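Novice: the following block contains a protein sequence and its predicted model.
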Amino acid sequence: MSAKEVFEVREALFYEEIENGSVRCLLCPRHCVIDKGQVGFCRTRKNVDGVLYTLIYGRLSSIATDPIEKKPLYHYHPGTKILSVGTWGCNMSCPWCQNHEISQGTPQTQKVDPERLVHIALDRNSPGIAYTYNEPMIWFEFVLDTSRMASADGLYNVLVTNGYVSADPFKLLLQTVQAMNIDLKGFDQRFYQKRCSADLEVVKRNIQLAYEEGVHVELTTLLIPDENDSVEKINEQCQWIASIDPAIPLHLSLYFPAYRFNKPPTDLNRAIELWKTAKKTLQYVYLGNQLESEYQRTLCPYCSNVLIERSGYQIQIVGLGEGRRCQQCHRQIPIVL
């Protein structure tokens, strides 16, 4: 490794040395065994002479100021915008990935250190930083350092993640993350293994762990025809979510063909049927990737009063009063304002 390369990479956290100079990465449950000169499944962690390095520390492929609803987070500072950043790589292999250019490709990047990124957020009057676009867990070292600095400066940190990470690094990151949207891709172990090369039980464990640690959690499921869109599986998924808290928001998003997957888009009528199924169990369910505002507004689960109207990213808080209480029935609503 050249002096320039050493300057631009950082030794990884969470790995162990094994025989013959190989290492085992412990960041995610894959536990990739990586020989000298090779990279792991996510392509972002490389064994150089028996030391594991992250190749993406401070590497930005994308930076923008987005509506918080784009993450999507509907119950966390609704109507605000947040500085959003991403890098490249992923530890899953979903064939319908809508950001495959950066998750499965190697795009051009710009270099930024944590301190500079925090200053950018402050200069743009962003109340926080969202780590998104590709999988932020494989960006672990940079996200950890940046989130610590951001928290010290009064900013909040948001993860948009597949939730596929080992317990110890996840617990460490939860100390400085205030909100996350976790992509619960389906509710069938065979589906996770076949389509995502991952383990559903790990994602379920991390959803529960984040909730128990006091992090604001919302969930997203992309509805893929004939893959994860049966009424039975959606009902089973919602029953499990409700066992943690029926007030956890669930975003059911319509699929459109992308990357290596060419099935027809999700039928809107089918999505509405699944939305109705989910609403029988969960208090807050939304339909994403479609334009009907009826399925985007937030209603009081006790009296059906409209609390927040949404039309795309146009947000109006209309029925929430002081203390985050419904103005009609005066029940408190779990929304962070």
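Specialist: That came through fine.
Novice: so where's the stretch 1-150 of the chain uncertain?
Specialist: For the stretch 1-150 of the chain, the stretches with pLDDT under 70 are 1-8.
Novice: any idea how far Gln283 is from Pro264?
Specialist: Separation of Pro264 from Gln283 (Cβ to Cβ, to the nearest Å): 31 Å. Any C-beta I mention is one placed from the backbone N, CA and C, and that applies to glycine too.
Novice: these two - which one has more neighbours?
Specialist: Neighbours per residue, other Cβ atoms under 10 Å: of Pro264 and Gln283, the larger number sits with Gln283, 19 against 10.
Novice: for Leu219, see how far away the more buried one is.
Specialist: As judged by Cβ to Cβ, Gln283 and Leu219 stand 13 Å apart.
Novice: same deal with Val318?
Specialist: Val318 sits 25 Å away from Leu219, going by Cβ to Cβ.
Novice: which of those two has more residues huddled nearby?
Specialist: Leu219 (21 against 13).
Novice: mind listing the residues bridging to Thr54?
Specialist: Note on Thr54: beta-bridge partners by DSSP bridges are Arg10, Arg45.
Novice: which ones are touching it?
Specialist: 9-12, 44-45, 139-142 (Cβ atoms under 8 Å, 6 or more residues apart in numbering).
Novice: swap in 7 Å and give it another go.
Specialist: Counting by Cβ atoms under 7 Å, 6 or more residues apart in numbering, Thr54 touches 9-10, 12, 44-45, 141.
Novice: so which of those is the most crowded?
Specialist: Tallying neighbours with other Cβ under 10 Å puts Arg45 at the head of these, with 29 neighbours.
Novice: my read: that residue touches Val51, true?
Specialist: No. With contacts defined as Cβ atoms under 7 Å, Arg45 does not count as touching Val51, sitting 10.8 Å away.
Novice: which residue ranges of the stretch 151-300 of the chain form helices?
Specialist: 167-174, 189-191, 200-212, 231-244, 268-279 (DSSP state H, counting those that start in this stretch).
Novice: quick one: closest of those helices to His31.
Specialist: Smallest distance to His31 across the helices of the stretch 151-300 of the chain (Cβ to Cβ): 11.7 Å, for helix 200-212.
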